[in-house]
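> Okay, predicted coordinates and the sequence, questions at the end:
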Amino acid sequence: MPGNLFSAVTSMLSLPRFSDAVPSWSKRLSIGLCAAVAGTTLISASLLAQTAGTGSIAGRVLNSATGAYLANVRITVEGSTRETVTDQNGEYRLSNVPAVATRLRATYIGLDEKTEIVSVQPGQIAQRDFELARRGPPPSAAGKEIVQMAEFTVIEQREVSAQALALNEQRQAPNIKNVVAFDEYPKGFDDSLAYFLRFIPGAGGTSSVRALPGDMGIITIDGAEITGVLTGQTRAAGLNVVPVNNISRIEVTKVPTPDMPANLGGTINVISRSGFERTRPEFRYNVFTAWFTDLGTSWDKIHGPLPGLSERTLLPSFEFNYAHPIKDKLAVTVNVSQQDSMQRQDGSISTWNHSDYHMDAINSTWTAVHQTTKNARIGVDWKITRRDLVSASLHYRDRVSSQYEQGLRLQFGGGATGGANSVTGAAAGNGNVAQTMSALRLDSDSRLALVKYEHKGDIWRINAGMSDSYSRSFYGSTNNGFMYTMNASLPNLRINAAGINAASDPVERTKPQSVTAANRSGVAVDLRDGRNLVISSVGTTYPAFHSNKTEYKFDIGRDWDAKIPISAKVGGMIQPYNSKGANAGARTYNFRPGETEAVRTARNYDLIDVPYSSQGPVYAGAPVMWISPVKLQQLFLDHPEHFVQDLAATHTNRVNNSRKLEETISAAFVRVDARLFNNRLWLVGGVRYERTDDEGWGVLNDPTAQYVKDSTGKVAKNAAGQPTLITTDPLQRAYLRFVERGSHAERSYDGYYPSLNVTFNIRDDLVLRAGYAKTVGRPPITQIVPSVSIPDVSSSTSGRISVNNTGLEPWSATSYDLSLESYLFKGVTASVSVFQKDIVNFFTTTIQNATPELLDQYGISGGDANTIYEISTLGNGGDATMKGIEIAYKQNLTFLPDWARGFQVFANWTKRELSGSRTADFSGFFPSNISWGVNFVRPRYAVRFSSTYREELRGPLRVQPDIYDWSRANLSYQASVECRIGKHLEVYATWQDFNDKDSIIGLKQFNAKTPDYAKDRQTLAAGPKAVVGIRGEF
């Protein structure tokens, strides 16, 4: 039956055959390891025999208050080194227990420990279940409130249970990790993991941890790695592609063990709820609406600039989760959700003259987004026997986003003068005004199929699994009824602006509060009226990205019940992956080329969206008359003769964006665990071997292909020394020069990655950990997919070939971690961690002479390749060291009087610093961030407040000699309230970023001489967000 289930899921997803997916050496490795597993299974009957005079104890552990079975409960046999922890379903099993009356103790942080006397018979299994209750007295001594707690799954109990779930997961881990429980925090606006990760030290807004590049971290669901291509070809799955329903907890691994991928950027693992977690069927619902409060609270549809943006401000959303354990053998979980919301973002991009510090240009932008996210999951857990479990699940996430960014750009032109508050255009009229736009619909979806088998014997353990993750995304414009971009402007203006830096709002501050303009004849021009603009061109787009990652994993482990308990595990993984990218719809159409500006003026074609303009953004105190992307598309359909496509540019864009990568990662590992000093010291060490095989295809850009060549293959030249074109047709020349996926390369690399994790229990509630690991950071896809660009012999003077180096070696890091963790030690849960990562093999630009050997290595032949004397590509070199400290603190203020009981405070702080020759490679590296909050939780209601702060960061050098980009510091607040008003009903509300003047993202650009008023480069503000809903369970 397990094989049939595996085959059914595989067939449904049309997975590649195993023999087609992996290289031959990996097949031999996998066959050998599978043979070892098969051989072990054949002899397991004799090896599973109990030692004479011993028996086994098995059972489950239940939280008596919530009715949920508990994972990570520590079960110990008093007076011995025999111990274990419960699994995801709350089950445990101890073998080789002496056949006597045995004292068995169950310990779980946050609940009272419990000890039972169990009579063990030789060769028999003694069944002993535990029910654990919360520590201390009930939350209230009032009889009425105690009755209410019995009737309701109270808010306080849910929060306490969620926190305990995360604490015990982290406490029992063999390595350094941080864990948060899904129920621990209120419902946020964002339907992504990013909302939860901000409460974990070292985590951020990408799939990587500790500010490392996002491509170097991975995201897994129940241990299965997923792929994602939300906005392009990338290794990073992205937090927005992860389904967020049916989540139990989220764990962030800082130091890997040998049985985990050796990724430099760490691992984020999402753990799903099991159907066996509950004692009886449970249905949970959540119905809510989420919106940007600046948009108002209307149920009426508004007129938007795109079809997908003509929606209500308030849109309904929901989450439904159902779990049904069928006796003790089978459990089913079904989850569906949809979040629908309207969003907005206002911004400005300003350019300052760094000589006299007046404004050169200002682009004011407004972005509207309508986003709908749907999630679905179905899971089945089947206990074939008491030792064997098969789990299968299907996950689906669909995200549709209609988004429109419009801008009004003023360029004051050469000769303009001004200062902090005003700009005066030159009398010559060198300025211009333009409307900018980007209109598109983004469709993306991701799917995951996962099948796992687990055997838990008294001595031997076997785990096997297969998963298939698929992701795709594509943009659309004209196929959805609108143009993507346009070029519409009016030049030769004298523009004057006043009221700059006068507004209190950080976005409005850089915008002028009044503007005037006149043409070179002195005639006044209304800059807000799009009818005055001259249309030059329009553009469409239709990029599409696909990625597929299949994973086969297996391992086998054995325990030795000796004076020093030892366990060992060996296993392997094979992970075929492919990524494809293309943009067949990237086209530019020149509007009525050859005609005068008067003919191409927008007022001639009824292009203004009057209803939207009357209620849309206001600029300098008056509405803007916006050119409509929908009306532009209609004009294109009605008068196609007005639009002339640049066919050569279309072909060039399509070929340049057509890339393919096939990659297989194969791994094998050995892990050994040892426990010493009565289990107080836990050593986990071993080594992991990983091999990466890459094969890629990308653009070949060879200008020599469009010229006539002589018999030797060199470009033939005429009497004047000029090359002779094969054809003068621009499109045919583009076909000859740009060859789709004409560059091809293969490359492999491998390495051994040892690791050691040490855990020492100073006390049951105080733990010291140390970790050492070597890890790997694979290059981004865009840097290794083949691409060759050869200079045009007729015009280029650089003599330099640009090549993507598919043989680029990965980053390599050696990491050292030390952590001290307390678990309700004197009522405080806290951790202090310090770490250092020594990273080598960065990516550096190298220039080499074009020897025949190098030309052959990069697949370059023909034409004048042998006469071009330089090849520019990326190589490896340089180093950097990252050091940091991470502090987490949480405390229940139990010392307060009874009327104030329920207060809890928490804080997380991360500080990092970089040194070395390649610190500039860490884009988006923020040196410090902090999150903190105060919770007041009572049995039937809760009030929470939290805040996050991110320090500003100096970016790359932008303007000589010493003017840098700086990412702005960001401060965000959140408040929430929830109240239980019935056995099956709870109401709640969350308010995020209500300090919108501080919750700003963007850039500054300055040096020590730049005045404060001229530092802003880009400023973006989304405004406050709110979530209001009802939820409950049956």
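In hand now; what should we look at?
> the domain parsing of this structure - what is it?
Using automatic domain parsing, the domain ranges for the chain come out as 51-152, 153-276, 926-1034.
> Next, Asn178: phi, psi?
When quoted as degrees, to the nearest 10, the phi and psi of Asn178 stand at phi -120, psi 140.
> what's the burial count for it?
27 (other C-beta atoms under 10 Å). The C-beta positions use only the backbone N, C-alpha and C, and glycine is treated the same way.
> Arg733 reaches Pro703, doesn't it?
No. Distance between Arg733 and Pro703: 9.1 Å, which falls outside the contact criterion (C-beta atoms under 8 Å).
> who's more crowded, the two?
Remark: of Arg733 and Pro703, Pro703 carries more neighbours, 22 against 19, as counted by other C-beta under 10 Å.
> Pretty sure that one sits against Arg737.
Yes. The pair Pro703 and Arg737 qualifies as a contact (C-beta under 8 Å) at a distance of 5.5 Å.
> element containing Ser666, please.
Ser666 belongs to strand 659-676 when elements are defined using DSSP states H and E.
> and that strand, average pLDDT?
Model confidence over strand 659-676, given as mean pLDDT, is 95.
> now that strand: how far from the chain's centre is it?
Averaging C-alpha coordinates over strand 659-676 and over its chain gives two centres that are 22 Å apart (C-alpha atoms, centre = their mean, to the nearest Å).
> Which positions within it qualify as buried?
Of the residues in strand 659-676, those buried under the neighbour-count criterion (16 or more other C-beta atoms under 10 Å) are 659-671, 673-675.
> Just give me the neighbour total for the residue nearest to Ser917 when sequence neighbours are not counted.
Distances taken as C-beta to C-beta, 6 or more residues apart in numbering put Gly878 closest to Ser917, at 4.5 Å, once the chain neighbours are dropped. Other residues within reach of Gly878 by the criterion other C-beta under 10 Å amount to 17.
> how near is Gly878 to Gly266?
Per C-beta to C-beta, to the nearest Å, Gly878 is found 22 Å from Gly266.
> And for Pro754?
Separation of Pro754 from Gly266 (C-beta to C-beta): 17 Å.
> Same drill for those two, tell me which one is more crowded.
Gly266 (25 against 15).
> Parallel or antiparallel, which strands does the strand holding Ser666 pair with?
Applying DSSP bridges, strand 659-676 is found paired with strand 566-583 (antiparallel), strand 681-701 (antiparallel).
> possible to save the ones you listed as JSON lines with mean neighbour count?
Converted to JSON lines, these look like this (neighbours: other C-beta atoms under 10 Å):
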{"stretch": "strand 566-583", "mean neighbour count": "20"}
{"stretch": "strand 681-701", "mean neighbour count": "21"}
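> Quick one: closest of those to Phe895.
Phe895 lies closest to strand 681-701 among the strands paired with strand 659-676, at 33.5 Å (C-beta to C-beta).
> Rounded mean pLDDT for the closest one, please.
Per-region confidence: strand 681-701 scores 93 on mean pLDDT.
> go on, stretch 829-837?
When pLDDT is averaged over stretch 829-837, the result is 95.
> neighbouring contacts of it?
Where contact means C-beta atoms under 8 Å, 6 or more residues apart in numbering, the residues beyond stretch 829-837 that reach it are 167, 176, 178, 201, 210, 254, 264, 813-823, 881-891.
> Sort out which of those residues are buried, if you could.
The neighbour-count criterion (16+ other C-beta under 10 Å) marks 167, 176, 178, 201, 210, 254, 264, 813, 815, 817, 819, 821-823, 882, 884-891 among the contacts of stretch 829-837 as buried.
> So which of those residues sit within strands?
Restricting the buried ones among the contacts of stretch 829-837 to those inside strands, with DSSP state E as the criterion, leaves 178, 813, 815, 817, 819, 821-823, 882, 884-891.
> what distance separates the start and the end of stretch 190-202?
End-to-end distance for stretch 190-202, by C-alpha to C-alpha, to the nearest Å: 20 Å.
> chain center to it, what's the gap?
A distance of 10 Å separates the centroid of the chain from that of stretch 190-202, by C-alpha atoms, centre = their mean.
> buried ones in it?
Along stretch 190-202, the positions that meet the burial threshold by neighbour count (16+ other C-beta under 10 Å) are 190-202.
> Let me have the residues you listed in a markdown table, adding secondary structure, distance to Arg472 and pLDDT as columns.
Supplementary listing: the buried residues of stretch 190-202 in a markdown table, determined by DSSP: H, G, I helix; E, B strand; the rest coil; distance: C-beta to C-beta, whole Å; pLDDT from 0 to 100:
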| residue | secondary structure | distance to Arg472 | pLDDT |
| --- | --- | --- | --- |
| Asp190 | coil | 22 | 80 |
| Asp191 | coil | 19 | 78 |
| Ser192 | coil | 18 | 82 |
| Leu193 | coil | 20 | 83 |
| Ala194 | helix | 21 | 81 |
| Tyr195 | helix | 24 | 81 |
| Phe196 | helix | 26 | 82 |
| Leu197 | helix | 25 | 85 |
| Arg198 | coil | 28 | 82 |
| Phe199 | coil | 31 | 83 |
| Ile200 | coil | 29 | 87 |
| Pro201 | coil | 34 | 86 |
| Gly202 | coil | 31 | 83 |
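> For those residues, give me JSON lines that also has distance to Lys383.
As requested, the buried residues of stretch 190-202 are arranged in JSON lines below (distance: C-beta to C-beta, whole Å):
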{"residue": "Asp190", "distance to Lys383": "37"}
{"residue": "Asp191", "distance to Lys383": "33"}
{"residue": "Ser192", "distance to Lys383": "34"}
{"residue": "Leu193", "distance to Lys383": "30"}
{"residue": "Ala194", "distance to Lys383": "36"}
{"residue": "Tyr195", "distance to Lys383": "34"}
{"residue": "Phe196", "distance to Lys383": "31"}
{"residue": "Leu197", "distance to Lys383": "33"}
{"residue": "Arg198", "distance to Lys383": "38"}
{"residue": "Phe199", "distance to Lys383": "35"}
{"residue": "Ile200", "distance to Lys383": "33"}
{"residue": "Pro201", "distance to Lys383": "38"}
{"residue": "Gly202", "distance to Lys383": "37"}
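> closest to Gly572 among those residues?
Sorting the buried residues of stretch 190-202 by how near they are to Gly572, with C-beta to C-beta, puts Leu193 at the top with 28.5 Å.
> What is the neighbour count of the residue nearest to the closest one when sequence neighbours are not counted?
Nearest-residue entry for Leu193: Leu239, 4.4 Å, with adjacent residues in sequence omitted and distances by C-beta to C-beta, 6+ apart. Applying the criterion other C-beta under 10 Å, we find 23 residues in the vicinity of Leu239.
> Am I right that Leu239 is in contact with Gly217?
No. With contacts defined as C-beta under 8 Å, Leu239 does not count as touching Gly217, sitting 10.6 Å away.
> Low-confidence stretches in this protein?
Judged against pLDDT under 70, the low-scoring parts of the chain cover residues 1-52, 135-154, 204-207, 231, 790-799, 853-869, 918-925, 956-957, 960, 996-998.
> What segments of it are helices?
Secondary structure of the chain (DSSP state H): helices located at 2-13, 18-21, 24-47, 143-151, 155-171, 194-197, 610-615, 629-638, 647-656, 730-737, 781-784, 852-857.
> how far does stretch 408-425 sit from the chain's center?
Here the centre of stretch 408-425 is set off from its chain's centre by 40 Å, with C-alpha atoms, centre = their mean.
> actually stretch 487-501, not the one I wrote
For stretch 487-501, the distance from its own C-alpha centre to the chain's C-alpha centre is 39 Å (C-alpha atoms, centre = their mean).
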